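S.K.: Fold the stuff below for me.
(one chain, ligands or ions: 2)
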Amino acid sequence: METFEKGVAPPAENFDGSSLRILIVHTRWNYRIVEALVRGAEETMISKYHVQPENITLHSVAGSYELPFTAQRLISASTNTLKFDAVICIGVLIKGSTMHFEYIAEAVSHGIMRVGLDSGVPVVFGVLTCLDDEQALERAGLGDRPGKHNHGIDWGHCAVELACKNRRWKDGII
Ligand SMILES: Nc1c(NC[C@H](O)[C@H](O)[C@H](O)CO)[nH]c(=O)[nH]c1=O
Ligand SMILES: CC(=O)[C@@H](O)COP(=O)(O)O
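M.R.: Ligands and ions are numbered 1, 2, ... in the order given. As a prediction, this is how the structure comes out:
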């Protein structure tokens, strides 16, 4: 069978993130994993795109269900001088024994998409929807499985790319 490298290829362009303001809203549910994902996103934006650490705002909420509402409220509350160029919502849902997981995963994914479309601020979907603990650890670059990868890194790349492109689009530059 033909194999390929799974995941997202880097963008062709070198984006300059040095003047971007990024909001990361993250959960305290499954915090050990969330913490690694947040760090992956932050380190990528700082080291690859020169985002200034002081221009990254972190805000924590209890669980993933709170992410869309909080992102929406913080986008609205940010003043003109402190407008966020992109938001990353980070959470980890792990399937339990009830339908809780399915309801939250569905609501949160739609909610996060809606916040981005309604506000015009790009909102990155940084929510892992895992069937067990191992899947979650692996996707945060933790645990012992080969091929583990911290998806926070991808979300950092994604936020900077969309933030830079959105600034141009706002100026009518395609
Ligand atoms: N089970 C998980 C939750 N559940 C909590 C909800 O997100 C929410 O905080 C509560 O229903 C109050 O509104 N959250 C996660 O992020 N991850 C889970 O695995
Ligand atoms: C917060 C809940 O409703 C909880 O009972 C969900 O349980 P599970 O994660 O096992 O589905």
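S.K.: Now the closest residue to ligand 2 within the chain: which helix or strand?
M.R.: Going by CB to the nearest ligand atom, ligand 2 is nearest to G96 of the chain, at 2.2 Å. Every residue, glycine included, has its C-beta placed from N, CA and C. For G96, there is no enclosing helix or strand under DSSP states H and E.
S.K.: Can you tell me how far it is from L131?
M.R.: 10 Å (CB to CB, to the nearest Å).
S.K.: now do I56
M.R.: I56 is 31 Å from L131, by CB to CB.
S.K.: Please, where are all the strands along this protein?
M.R.: Listed in chain order, the strands of the chain (DSSP state E) span 22-27, 56-61, 86-94, 123-130.
S.K.: quick one: is the longest one near ligand 2?
M.R.: What that stands for is strand 86-94. No: counting by CB under 6 Å from any ligand atom, ligand 2 is not contacted by strand 86-94; separation bottoms out at 7.5 Å.
S.K.: what helices or strands is that strand leaning on?
M.R.: The elements that strand 86-94 packs onto, with contact taken as 3 or more CB pairs under 8 Å, 6 or more residues apart in numbering; DSSP states H and E, are strand 22-27, helix 31-49, helix 67-77, helix 100-119, strand 123-130, helix 133-139, helix 151-170.
S.K.: Off-centre distance for that strand?
M.R.: 5 Å (CA atoms, centre = their mean, to the nearest Å).
S.K.: related to what we said a few turns ago, of G96 and L131, give the one with the bigger neighbour count.
M.R.: Taking other CB atoms under 10 Å, G96 and L131 do not tie; L131 has more neighbours (11 against 8).
S.K.: circling back: would you convert the helices and strands packed on strand 86-94 into JSON lines that also reports mean pLDDT, distance to A86 and mean neighbour count?
M.R.: Listed next are the helices and strands packed on strand 86-94 as JSON lines, based on pLDDT from 0 to 100; distance: least, CB to CB, whole Å; neighbours: other CB atoms under 10 Å:
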{"stretch": "strand 22-27", "mean pLDDT": "98", "distance to A86": "5", "mean neighbour count": "26"}
{"stretch": "helix 31-49", "mean pLDDT": "98", "distance to A86": "9", "mean neighbour count": "20"}
{"stretch": "helix 67-77", "mean pLDDT": "97", "distance to A86": "10", "mean neighbour count": "18"}
{"stretch": "helix 100-119", "mean pLDDT": "98", "distance to A86": "9", "mean neighbour count": "16"}
{"stretch": "strand 123-130", "mean pLDDT": "98", "distance to A86": "7", "mean neighbour count": "24"}
{"stretch": "helix 133-139", "mean pLDDT": "97", "distance to A86": "21", "mean neighbour count": "19"}
{"stretch": "helix 151-170", "mean pLDDT": "97", "distance to A86": "4", "mean neighbour count": "20"}
